[in-house]
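Enquirer: Pasting the sequence and the predicted coordinates here, then a few questions.
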Amino acid sequence: KISHLSIIQGVSGLSCVTTDKPAERKAITNIEPKVVNLNLSLGKINLTNPFPKIEIRRTDKTKNSKRNTQKKKTLKFDPTYEKEGDAIATAILMMIVYLIVYAITKNLEENEETATFIAISSVISLILRILFTNWATRIADRQNRDKAGWGVFTFFFPLISLIILGSQKRLLHNFGINETKTDTENSEHIAKQATVFFEKSRYKTALFYAEKALELNSENELAKYIKEKADEIISKKVAETEPKTDLIVSYETLKGIITVHIPPKDQKYGYILKLGHYVYLEGKPAPDGRYKISYLEHIIVKDGKIEKIPMF
């Protein structure tokens, strides 16, 4: 009986079967080496070459990054410009007024009083159109847009024009950069443009242009001066207009008179209530619950703060 079996493959390709007894050892010749393939879940493995060469291709990220850095990102809009929220609010308010006037005059009888009312309303409407047109042209000028085009459009469609202009951002000029000139020459040209904006009291735009000029040439003295003065004026205006204390608004409710404290950061558009504002009742944090502050307005208070402002 063969108690121990071993397969020995040599360089010559001969294999022999051995037993415990040396006398019974026999040489087996003419045995060709075979390739054994094992089918596993991961595929076929070739035992003659179990570790095939794997080619790893590496992408040169440095080249792509260099290409990306070479492309200069040009801004189309001024990031420092604040949208004309007053124009949007005024247009919406006037739409409501027009609807009310239309509802009133729709069912009126045709008489002298009605004719007089319509005539006065037409004159007021014409005056408002002129005022809105003037306002829209000034906004268009601040946004570096076509003043004449927006003026004509506003005269015929005043409210729509104010809403559109109020929601748009200021367009940026291309700074007048000339590729054939040096950075120093372009910096001087942009610094002069910053001076023009500064003289027109457009300090944020002047600051933006001055920073661009310093980006091209950090030694530009005119750009440094404009940047310093614009920064000083902007900081002074912010300090003068920014509220220092909370705005306290009182409301008479069924549970008593409550006071809502509006912090300085939320006082930009008046006393508009927001979530998180503190609510007090008789000098103490208001108890949790629902408070009716006007005919259609309610607030829900929790832990002395406005938790929710429901629609109804």
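Expert: Sure thing, it's come through. Numbering: from 1, shown residues only.

Enquirer: Point to the residue nearest the middle of the protein.
Expert: residue 79 (10.1 Å; Cα atoms, centre = their mean).

Enquirer: which SS state does that residue fall under?
Expert: coil (DSSP: H, G, I helix; E, B strand; the rest coil).

Enquirer: mind checking how far it is from residue 300?
Expert: Separation of residue 79 from residue 300 (Cβ to Cβ, to the nearest Å): 37 Å. All C-beta atoms are positioned from the backbone trio N, CA, C, and that covers glycine.

Enquirer: Wasn't residue 279 part of a strand?
Expert: Yes - Residue 279 forms part of a strand when assessed by three-state DSSP.

Enquirer: Quick check: it touching residue 305?
Expert: Yes - using Cβ atoms under 8 Å, residue 279 is in contact with residue 305, at 6.6 Å.

Enquirer: the more surrounded of the two?
Expert: Shown here are residue 279 and residue 305; by other Cβ atoms under 10 Å, residue 279 has more neighbours (23 against 16).

Enquirer: Spit out the contact partners of residue 157.
Expert: Counting by Cβ atoms under 8 Å, 6 or more residues apart in numbering, residue 157 makes contact with nothing.

Enquirer: Could you list every helix and strand in contact with the helix or strand containing residue 87?
Expert: In this structure, residue 87 is located in helix 85-106 according to DSSP states H and E. Packing partners of helix 85-106 (3 or more Cβ pairs under 8 Å, 6 or more residues apart in numbering; DSSP states H and E): helix 112-142, helix 158-167.

Enquirer: Report all helices and strands that the first one contacts.
Expert: Taking 3+ Cβ pairs under 8 Å, 6+ apart as the contact definition, the neighbouring helices and strands of helix 112-142 are helix 85-106, helix 147-156, helix 158-167.

Enquirer: what mean pLDDT does stretch 131-149 have?
Expert: When pLDDT is averaged along stretch 131-149, the result is 88.

Enquirer: and the nearest residue to residue 151 once chain neighbours are set aside, how many neighbours?
Expert: In space, and not counting its chain neighbours, residue 151 is closest to residue 137: 4.6 Å by Cβ to Cβ, 6 or more residues apart in numbering. By other Cβ under 10 Å, the residues close to residue 137 number 20.

Enquirer: and the gap between residue 137 and residue 153?
Expert: Counting by Cβ to Cβ - residue 137 and residue 153 are separated by 10 Å.

Enquirer: Repeat that for residue 195.
Expert: Distance from residue 195 to residue 153, by Cβ to Cβ: 32 Å.
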